[in-house]
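J.: Have a look; sequence and predicted model below, questions after that.
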Amino acid sequence: MGKALSTVRNPLRNFNIEERAHKAISRDKPIAAPKFAADVAEYERVLKEHPEIVEETLKKHETLDKHLKNVFVTSSDPQPMINSDPKGDRPLPESRGIVEDYELGFKESAQVPIGKASLRTVMRFIGMHQNNPRHNTAEKIATEYDLDVDKVSKILKYVRAFEVYIPDNKTKATFAGPSLPRTTRKKIPRPQLPEGKKDTAT
């Protein structure tokens, strides 16, 4: 049914369309769209109370018109960047294998700013301090690595590197528990009953 209606409606809609289009274009002033009643009332109120505003909007400013005529905008297509490298500045990874883990768990920065230290550097001077705390003091480490003395002293106080202890005798392990001795249970011998009597204790 819709196709039948469209076959009838489309020729009627397109009848004499060129002449009607030329007639609409050749009008001196186009017909404005109808306005809402509230807009019309507001326009009349402004026209009565402030007629100078309406006159100012209808006035043609020669200075602004002159400035607009002096403004020119020119555009041009940017030149294509010819790259000799077919892979580009940031090529895609060529290896599809599994990426190995980094030594310290994450990729280290190649450049470390002054006043900062990488994790490898921190672990190095923590180990130096643990091995010889009298020689490798916080002041000496801060001077050597250009760090803040207060931050270095806090790092040396609260951070420790892991230590590995290998026993001399690998066949027998020593107990590394608490330093306090354990309580021992003392066996008290139970008195024996004479023959012929039964034990009624529960």
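T.: Yes, it's here.

J.: C-terminal to the helix or strand of the chain with the lowest mean pLDDT, which secondary structure element comes first?
T.: The weakest-scoring helix or strand in the chain, judged by mean pLDDT, DSSP states H and E, is helix 2-13 (a mean of 68). Later in the chain than helix 2-13, the nearest helix or strand by DSSP states H and E is helix 17-25.

J.: now that next one, how far from the centre of its chain.
T.: 58 Å (Cα atoms, centre = their mean, to the nearest Å).

J.: In contact with the nearest residue to residue 123 once chain neighbours are set aside, which residues are there?
T.: Distances taken as Cβ to Cβ, 6 or more residues apart in numbering place residue 161 nearest to residue 123, at 6.2 Å, with adjacent residues excluded. Quick note: C-beta positions are derived from backbone N, CA and C, even for glycine. Each residue near residue 161 by Cβ atoms under 8 Å, 6 or more residues apart in numbering is listed here: 123, 126, 127, 130.

J.: Check residue 35 too.
T.: By Cβ under 8 Å, 6+ apart, the contact list for residue 35 reads residue 43.

J.: So for it, what's the pLDDT?
T.: Residue 35 carries a pLDDT score of 89 in this model.

J.: mind checking how far residue 148 is from residue 141?
T.: Applying Cβ to Cβ, to the nearest Å, the value for residue 148 to residue 141 is 11 Å.

J.: Just want to know which of the two has more residues nearby.
T.: Under the criterion of other Cβ atoms under 10 Å, the comparison of residue 148 against residue 141 puts residue 141 first, with 23 against 11.

J.: tell me the secondary structure for that one?
T.: Three-state assignment for residue 141 (DSSP: H, G, I helix; E, B strand; the rest coil): helix.

J.: so what's it closest to, chain neighbours aside?
T.: In space, residue 141 is closest to residue 125, 4.7 Å off (Cβ to Cβ, 6+ apart).

J.: chain center to whatever helix or strand the one you found lives in, what's the gap?
T.: When elements are assigned from DSSP H and E, residue 125 belongs to helix 119-131. Taking Cα atoms, centre = their mean, one finds helix 119-131 lying 32 Å from the centre of the chain it belongs to.

J.: Also stretch 58-66?
T.: Per Cα atoms, centre = their mean, the centroid offset for stretch 58-66 relative to its chain is 50 Å.

J.: Show the end-to-end separation of that stretch, please.
T.: Length of stretch 58-66, first residue to last, Cα to Cα, to the nearest Å: 17 Å.

J.: now do stretch 112-128
T.: First-to-last residue span, stretch 112-128, Cα to Cα: 21 Å.

J.: for it, which positions count as buried?
T.: Neighbour counts using 16 or more other Cβ atoms under 10 Å place 117, 122, 125, 126, 128 of stretch 112-128 among the buried residues.
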